Each structure stands twice: as structure tokens, then as C-alpha cells.
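Visitor: got a predicted structure plus its sequence, pasted below:
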Amino acid sequence: IFHVGSLILVWTCIFFVFLLIRIQRPKNFPPGPPPLPLFGNLLHVNMANPLKDFERFAEQYGNIFSLYTGSRPAVFLNSFEVIKEALVTKAQDFSGRPLDFMINHLSENKGNSYYKLSYQLSNQISLDHRRFALMTLRNFGLGKQSMEERILEEISHLVSDLDRNAGTVNPQNMFHNVASNVIGLVLFRSQQHIPSEVHQDHYRDFKDHQWTMEYEVKKYCVSGEPRDLIDCYLDELDKRKNDGSTFSEDQLIIDILGLHFAGTDTTSNTLLTAFLYLMAHPEIQAKCQKEIDEVLEGKDHASYEDRHNMPYTLAVIHEVQHTTLMGYRTVIITNLTIILKEEGQWKFPHEFNPDNFLNEQGQFEKPEAFIPFSTGPRVCLGEGLARMELFLVIATLLPHFQFVWPNDAGDPDYTPVYGVTLTPKPYRMHIRRRETVKQ
Ligand code: HEM
């Protein structure tokens, strides 16, 4: 009897402990699957690729649902209208960013300034940094060489590399290096190319390279004319001396890492997706090449202005982004992936079709629901740079080379690998020189 009594006692205790740590959705909180004590909804989601589960929950609970990671709630917004309402109409309430585990991890607990400072609700300070970076990226202080020239310089290296090594390549590192070098040229111009080992796991390696950057910081101090974002930042530091501002050399390193991180994988994953689709749809690739050939008339690289005369190529690039979206705001998760397939927003929601971005006359036209860079006051800070980079890389590589899906590679697999951004599974690419370009 004593034995049974103690069992009942133990179970009652467990029951009360569970009751105490039970997670309950607050009143008026968006619905979702019932959270378990301690785990929340973690067991309801396939962490390797949660997109399918998000789609299932959206069908079951509607456009706004919530999930718990442990005891922390996250709200998911799953239609263009609700995302727009949150990020634009109610921007004031939704533009802060939480200091999230992942961000902490990435920046080794220092917290990326954009996230950390807004979490502390020092919005003024955070916006200060945002404004500064935006101004600098818009080329108000990067010295004589324009952003476009920097990007083209990097692309010319790529074209000569491919000229020398045409054949079958793994493009993962190639595009990663392009994106990383372009943002590198903007952030720390005189450092030229970051050593390639940094690309593999650049956060860890960057930490090891911090001494280099700190050395660069000292060097730039005496340089006079700003050549890159570091120089501009140092000028800003000078101007703000003793005004109690959050601009500091420590913060500079954090900001640079944040910008480098935000600007590398996003762009390189988009390029990887672009070339995957261009190889899988050789007729689309050929149509782009024809259009680009006609506009370039033998010129060996595109310029950003040319996009106005290349509506089809522009539509293809946008259609690529239409397939690669992600939203990674943590407490409010804007499910940009779902709205890309939302019925009613797209002519062809379920297929890769550049006509999504072309009107009846074949002119380029962008649907309102196309927000790969998010929207509202916290829209992507590198949008201008990324757009220019995507266009120049694609419109310069296509007239030089033919990209062919290798015969022995089976069918292309479009299932994305889930991460901070979505990326295609690793693939190989066969590259042949096109003879149309006049040398
Ligand atoms: C194709 C390339 C890119 C895509 C698709 C992309 C997408 C995005 C998206 C969706 C956000 C908002 C995230 C959120 O709501 O939490 C964002 C923010 C941001 N992006 Fe990008 N991005 C790209 C390239 C870049 C580049 C090249 C840079 C660097 C110059 C950059 C810097 C940033 C920064 C700093 C933020 C945070 C802005 C803030 O919090 O105010 N991005 N990006």
C-alpha cells in the first residue's frame, strides 16, 4: 500500500509540476498547435526543413498562427496582406528586432548592432547605424570608384577564371567568393580579396582575422580620403567624438561582420538558384542570351543601365528571387516563402515562369507582392547593392558562357536546403565558352 501511495504522490507531483510549467497561449494570441511543457512546439516541426510544416499550419490555423520554441512564442505571418500590415502600416510596433539565440551565436554573443540595439529599444541609436550604412552604401562616401565599378572588377576576375577553367565546376564556392569579395570591396577596399579560407566558415575565421581588421583600422586613420565603409565609419567616429554616440571601433567590427554576413550568403544563394534554373531551362537561358547579345553589341560586360533594355533578363532574375525567398525575423516571422505561392498574387504561382514579371507587351512589371528584400522601415539595407550585383553577374556571364546541366547529374532537384536563407542542394555546372562575344 505504501508503494502505491508513493507512486500516486510522485505522479501527482509530476502533474502539478507540468501544470506549473505548462505553456498557455495568452488570450487573443494567434492560434497554433498546443505547446508541450519545456519543448513548446519544437517536436511539431521538422527542424531540418520546417517549410512544409509551416505550410500545413497555415492551412490549419490561417494566415496568422503561432508556435513556441520552448517557452518563447513566435508569430508567423503567412499572407502578403498581413505581412504588409505588420511591416508597413504597423511598422512602429514591428520594426524592433529581438536578441535571438541565432544572432547571438553568429556574432559570438556580442549581438549584431542592428539587432542588439533595436532589442534594447534604443531605436534612435539603431537607426543611426542603419542610416549611416545606407548612406555609405548609396555611394555618398566611397571615394572615386563607384559601386558598379567595384562589382564589375570582381566579375572580370570571375570571367577570366572561368575562361581558364571552363569545364565542370562546383559553383558553390565560386558564387560565395563573388558575393563575399563584392561586399569586401565595399567594406574594406584596400584589403582586396579576403583569403579564400575565410569563405568556408567566415564567422569563425573572421574572428581570427580581426587583428587584420584592427590593423586596417589604424592604417585607415591616417589615409585622408575615405575609400570604403571602414574609412567612412572612422570619419563618422571623428565627427561624433564625445557626443555619447554608439559609434566605436568595437562596434565597427560588429557592424562590418554583420554587413558581410548579411550580404554574402543571401546574394550567393540567389546566384546559385539562378544558375540552377538557367541550366534546367535552356530555352530561358538562350532567350536571355539573345536579348543580352543584342543590347551589348559585343561589349564584354553589361552595365547596370542596360537593365532597362533587357526586360526579359530582368524578369528572369526576379522570377529566381520569387523562388528563393526567406524571412528570418524571429518573434514575428514573415513567411516570405508562402506569399510567393499565394493564389491571387501571381499569374503562375506554382511554376518557374518569367511571365510573372512581364506584361502583355513583354515589358517588365513587378507585382506588389514581390518583396524578397522585405518591406517597411527595416527593409534590406543592401537591396540596391544586391540588385545591381545580381544583374551584372548574370548579364555579364551569360553572353560569355553557356551553362549546361551535366548529363550524368540526374534531374535537377529544386528542394531548398533550409537555413538563415534558402539555398539549392549542391550541384555541378558544366561551362562552355560562347563564341558570340567579340574579343
Ligand atoms: C539577394 C540578396 C539579399 C536578399 C534576398 C536580402 C534579404 C533581406 C531581408 C528579407 C531582410 C529583412 C530581414 C528581416 O525582416 O528580418 C534583410 C535585412 C538586411 N539585409 Fe539583406 N538581403 C540581400 C542582400 C544584402 C546585402 C548585399 C547586404 C549588405 C550590404 C544586406 C544587408 C542587410 C542588413 C544589414 C539587413 C538588416 C536591416 C535592418 O535591420 O534594418 N542584405 N535582407
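Guide: Okay, I see it.

Visitor: domain map for the protein?
Guide: What automatic domain parsing lists as the domains of the chain is 1-78, 118-433.

Visitor: could I get the average pLDDT for the last one?
Guide: Spelled out, it's domain 118-433. Mean pLDDT, computed over domain 118-433, is 79.

Visitor: okay, now the residue in the chain that the ligand sits nearest to: neighbour count?
Guide: Scanning the chain for the residue nearest the ligand gives Gly382, at 2.1 Å (criterion: C-beta to the nearest ligand atom). C-beta here means a position set from N, CA and C on the backbone, and glycine is covered the same way. Counted with other C-beta atoms under 10 Å, the neighbours of Gly382 add up to 20.

Visitor: and the next helix or strand past the longest helix anywhere in the chain?
Guide: Taking DSSP state H as the criterion, the chain has its longest helix at helix 249-280. Sequence order places helix 282-296 as the next helix or strand after helix 249-280, per DSSP states H and E.

Visitor: need the contact partners of that next one.
Guide: For helix 282-296, the surrounding residues in contact (C-beta atoms under 8 Å, 6 or more residues apart in numbering) are 277-279, 302, 306, 309-310, 312-313, 316, 354, 394-395, 398-399, 402-404, 434, 436.

Visitor: follow-up on the earlier one: and of the domains of the chain, who's closest to Val88?
Guide: Counting by C-beta to C-beta, Val88 lies closest to domain 118-433 out of those; the figure is 4.5 Å.

Visitor: in stretch 390-409, what's buried?
Guide: 390-405 (16 or more other C-beta atoms under 10 Å).

Visitor: nearest to Gly298 among the residues you listed?
Guide: Nearest to Gly298 among the buried residues of stretch 390-409: Pro399, at 8.9 Å, using C-beta to C-beta.

Visitor: which SS class is that closest one?
Guide: Classification of Pro399 using DSSP: H, G, I helix; E, B strand; the rest coil returns helix.

Visitor: hmm, it is touching Arg433, no?
Guide: No - using C-beta atoms under 8 Å, Pro399 is not in contact with Arg433, being 10.8 Å away.

Visitor: ok so, going back, please identify the deepest-packed of the domains of the chain.
Guide: Of all those, domain 118-433 carries the top mean neighbour count, a mean of 17, counting by mean count of other C-beta atoms under 10 Å.

Visitor: among the contacts of helix 282-296, which are located in strands?
Guide: 402-404 (DSSP state E).

Visitor: mind putting these into JSON lines with distance to the ligand?
Guide: Formatted as JSON lines, the ones in strands among the contacts of helix 282-296 follow (distance: C-beta to the nearest ligand atom, whole Å):
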{"residue": "Gln402", "distance to the ligand": "24"}
{"residue": "Phe403", "distance to the ligand": "19"}
{"residue": "Val404", "distance to the ligand": "24"}
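
Visitor: now render the residues you listed as CSV, adding distance to Leu229.
Guide: As requested, the ones in strands among the contacts of helix 282-296 are arranged in CSV below (distance: C-beta to C-beta, whole Å):
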residue, distance to Leu229
Gln402, 37
Phe403, 33
Val404, 38
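
Visitor: phi and psi next, for Tyr68.
Guide: Dihedral angles of Tyr68 (phi, psi; degrees, to the nearest 10) stand at phi -110, psi 130.

Visitor: show me the beta-bridge partners of it.
Guide: Beta-bridge partners recorded for Tyr68 (DSSP bridges): Pro73.

Visitor: residues in contact with it?
Guide: For Tyr68, counting by C-beta under 8 Å, 6+ apart, the contacting residues are 23, 32, 35, 40-42, 74.

Visitor: how far off centre is stretch 150-167?
Guide: 23 Å (C-alpha atoms, centre = their mean, to the nearest Å).

Visitor: any chance of the domains of the chain in CSV, with distance to Leu87 too?
Guide: What follows is these, written out as CSV (distance: least, C-beta to C-beta, whole Å):
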stretch, distance to Leu87
domain 1-78, 9
domain 118-433, 3
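
Visitor: what does this protein have sitting close to the ligand?
Guide: By C-beta under 6 Å from any ligand atom, the residues of the chain that approach the ligand are 114, 130, 137, 183, 259, 262-263, 266-267, 270, 327-329, 372-374, 378, 380-382, 385-386.

Visitor: run the last query once more with 5 Å
Guide: The interface of the chain toward the ligand, taken as C-beta under 5 Å from any ligand atom, is made up of 114, 130, 259, 262-263, 266-267, 270, 329, 372-374, 378, 380-382, 385-386.
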